[in-house]
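Asker: Take a look and give me a structure for this.
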Amino acid sequence: MRSVFIPLTFAVMLFFLLRGPVRRLVSWHVPRLLASAIVLVASIGTLAVATVELAAPAAAWAQRLPEAVQVLEAKSRTLRLPLEQVSRGVQLVRRIADADVADKVPRVAVVQPGALQGVVEGAAAFTSQVALTIVCAFFLLLDGDGLLERINRLAPAFTGARRASTLVGQVGRRMSQYLLTVTAVNLGLGTLVALSFFLLGMPNPVLWGGLAAVLTYVPYLGPAIGLTLVVLASFVTFPTGSAAIVPPLVYFALASLEGNVVTPLVLGHSFRISPLVVFVWLSLWVWLWSVPGAILAVPMLMLIKIVCQENLGLAGLGYLLGGEPRGLKRA
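Answerer: You can find the predicted model right below:
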C-alpha cells in the first residue's frame, strides 16, 4: 500500500504547510476553491521551476561523479597507503574463495528487463504518485477544515469544558507552525550555503544551496549525504587539497550550526524530540518507504508528539518522546 500511503502522507503535510496561506486568502473574501487553487498552483509551480532550473547542473555533476571519486582517491592516496596492503590481502583471499566455490556451484543466467522499460515504468509510477499527492492536497485544502469540524462535532467532550475541537485546532496550528518554521530555516541554510560557495568559487552554488535545503529535512542522514557530495565536487573542482577542503568545512560548519543551535533555538523546547527516538523512527521509515520515508519520518513523529502534548491522556507518551508535554506536571 506504499503507493497509496506515501502520496496521502505527503498530501497531509502539504495541507498543514499551506493551510495558513489558504485561510488568510479566505479571510480576504477570496472563495476557498480559488484560494486553494492559487496557493497550491503557486507552490507546485515554484518547486517545478526550481527543479527544472537545477536539473541540468545536477545531471552534469552526476556524470562527473566517477571522475570525482578517482580524483579524490588520487589526492588522498598518501593517506590510504597503509590500508591498501590490507585491502589487497583481503581481495586475494576473496578471489581464492570465489574460485574454489565457482567450481562447485552451478551458475544460472538471469535475463534482466531492458533499461528503457525500467525507466518508463519508474517514471510512470512517480508521475502517478505526484498527481495523487497534488489532487489529495487540493481536496484537503478545500475541505480539510470542514472535515475536522465535522469530526469535532462527533467527538465527545474531555477535560471538563474543553472539547475535541480545541485539541484539533491546536494540533493543526502547531503542526503548521512547525512545518513553516523548519522550511524557513532550511531555506535560510540553503541561501547561506549558496552564498558561501559563490564566494569560494564553487561551481553551481545555487544547486548546492538547494541540495542543502532539501537534505536538511532528513536529520543525520541528509547532512551526511550533502557533505559527501560536496567533498567529491570540491576535490574535482579545486587543484590543491588545501583549497578543496574549504567548501566541505564551510558546509559542515553551517549544517552543524543549523542542527545544534538555530533549529533548537527557533523551535523551542516544545518541539524537541529525543535524538534516540528520532534515529530509531527514521531507520524504521527508511526501511519501509526508502527516500520518501526519510523525508516524512520526522514530520510524522512531530505530529504524534503534538497530539500527545495536547491530549492529557497521552501526556506520558509525549514525555517519552522528549520534552515536557503540556498538562503533565512533575511530582
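Asker: Low-confidence ranges, the protein, go.
Answerer: Residue ranges of the chain with pLDDT under 70: 68, 72-121, 148-168, 323-331.
Asker: Do a quick rundown of the helices in it.
Answerer: 2-27, 32-63, 65-75, 77-102, 115-154, 164-200, 205-215, 221-237, 241-244, 246-257, 263-267, 275-310, 315-321 (DSSP state H).
Asker: I'd like the ones you listed as a markdown table, with mean neighbour count appended.
Answerer: C-beta: built from backbone N, CA, C; applies to glycine. Shown next, in a markdown table, are the helices of the chain (neighbours: other Cβ atoms under 10 Å):
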| stretch | mean neighbour count |
| --- | --- |
| helix 2-27 | 18 |
| helix 32-63 | 14 |
| helix 65-75 | 14 |
| helix 77-102 | 10 |
| helix 115-154 | 14 |
| helix 164-200 | 18 |
| helix 205-215 | 22 |
| helix 221-237 | 20 |
| helix 241-244 | 14 |
| helix 246-257 | 17 |
| helix 263-267 | 14 |
| helix 275-310 | 17 |
| helix 315-321 | 17 |
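Asker: Centre of the chain to stretch 34-51, how far?
Answerer: Using Cα atoms, centre = their mean, to the nearest Å, the distance from the centre of stretch 34-51 to the centre of the chain it belongs to is 19 Å.
Asker: Excluding its own residues, what touches that stretch? List them.
Answerer: Contacts with stretch 34-51, where a contact means Cβ atoms under 8 Å, 6 or more residues apart in numbering, come from 14, 18, 21-22, 25-26, 30, 134, 137-138, 141-142, 210.
Asker: Restrict that stretch to CA atoms and write it as CSV.
Answerer: Provided in CSV are the C-alpha atoms of stretch 34-51 (Å, rounded to 0.1, in the frame of the first residue of the first chain):
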residue,chain,number,x,y,z
LEU,A,34,-9.9,29.7,-5.7
ALA,A,35,-7.7,30.3,-2.7
SER,A,36,-6.8,26.6,-2.5
ALA,A,37,-6.0,26.5,-6.2
ILE,A,38,-3.9,29.7,-6.1
VAL,A,39,-1.8,28.6,-3.1
LEU,A,40,-1.3,25.0,-4.4
VAL,A,41,-0.5,26.0,-8.0
ALA,A,42,1.9,28.7,-6.8
SER,A,43,3.7,26.3,-4.5
ILE,A,44,3.9,23.5,-7.0
GLY,A,45,4.9,25.9,-9.8
THR,A,46,7.7,27.4,-7.8
LEU,A,47,9.0,23.9,-6.9
ALA,A,48,8.7,22.8,-10.6
VAL,A,49,10.6,25.9,-11.9
ALA,A,50,13.4,25.4,-9.3
THR,A,51,13.6,21.7,-10.2
